[in-house]
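1. coordinates only, no sequence provided:
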């Protein structure tokens, strides 16, 4: 019997120089003989936003709902929020006093379309695909004319502004 939902492996990484500063994300998707790399950057963002956006971009790239997905990330922020159920509690409370609600809401929308399992891996530990994601993220963060990360909120004079 053919498997209608082949397993997909996604490696992700995010980077920001300055945190906040210029940032980028890198993604490697693999399924069978297929492989795809994604990356992008922003003029001003944070490392955590890029780590989460990498996961979102990987999941949004999937063509078929109900995919079986293993995500490998070196971000405790992302892996723990999902694996330990924190993000679901944040959602119930309307993400009150939580950072990155725009990305978490976007994440939950695409996360719920698939069967996703998170695996935390130690960064910079010679895991080939994680190292590749790091290179993609750092390179993307250095591109000229990076767009604004419209969801990033900056604290200015005690007020939060977009």
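-> Happy to help now that I have it. Owing to the predicted nature of the structure, the values given are computational and were not obtained by experimental measurement.

2. show me where the chain has helices.
-> 47-60, 76-83, 86-92, 101-111, 128-141 (DSSP state H).

3. check contacts around the closest residue to residue 15 other than its chain neighbours.
-> Take residue 15 and drop its neighbours on the chain: the residue closest to it by Cβ to Cβ, 6 or more residues apart in numbering is residue 137, 4.0 Å away. Yep, even glycine has a C-beta here, placed from its N, CA and C like the rest. By Cβ atoms under 8 Å, 6 or more residues apart in numbering, residue 137 lies in contact with 13-15, 23-26, 39, 50, 54.

4. now do residue 140
-> Contacts of residue 140 (Cβ under 8 Å, 6+ apart): 24-26, 39-41.

5. where in this structure is pLDDT low?
-> Residues of the chain that meet the criterion pLDDT under 70 lie in 1-5, 153-162.

6. what's the burial count for the closest residue to residue 95 other than its chain neighbours?
-> Leaving aside its chain neighbours, residue 95 sits nearest to residue 101 (3.6 Å; criterion: Cβ to Cβ, 6+ apart). Look at residue 101: counted by other Cβ atoms under 10 Å, it has 16 neighbours.

7. gap between residue 101 and residue 91?
-> Distance, residue 101 to residue 91, by Cβ to Cβ, to the nearest Å: 9 Å.

8. what's opposite the nearest residue to residue 147 once chain neighbours are set aside in the beta bridge?
-> The shortest distance from residue 147 to any non-neighbouring residue, by Cβ to Cβ, 6+ apart, is to residue 42 (6.1 Å). Under the criterion DSSP bridges, residue 42 forms beta bridges with residue 23.

9. residue 42: what's it in contact with?
-> Residue 42 sits in contact with 22-24, 50, 141, 146-149, 152, where contact means Cβ under 8 Å, 6+ apart.

10. run the last query once more with 10 Å
-> By Cβ atoms under 10 Å, 6 or more residues apart in numbering, the residues touching residue 42 are 16, 20-25, 49-50, 53, 140-141, 143, 146-152.

11. do the same with residue 134
-> By Cβ under 10 Å, 6+ apart, the neighbours of residue 134 are 11, 13-15, 24, 26, 74, 123-124, 127.

12. how many neighbouring residues does the nearest residue to residue 111 once chain neighbours are set aside have?
-> Counting by Cβ to Cβ, 6+ apart, residue 111 lies nearest to residue 59, which is 6.4 Å off, once chain neighbours are set aside. Residue 59 has 25 neighbours, counted by other Cβ under 10 Å.
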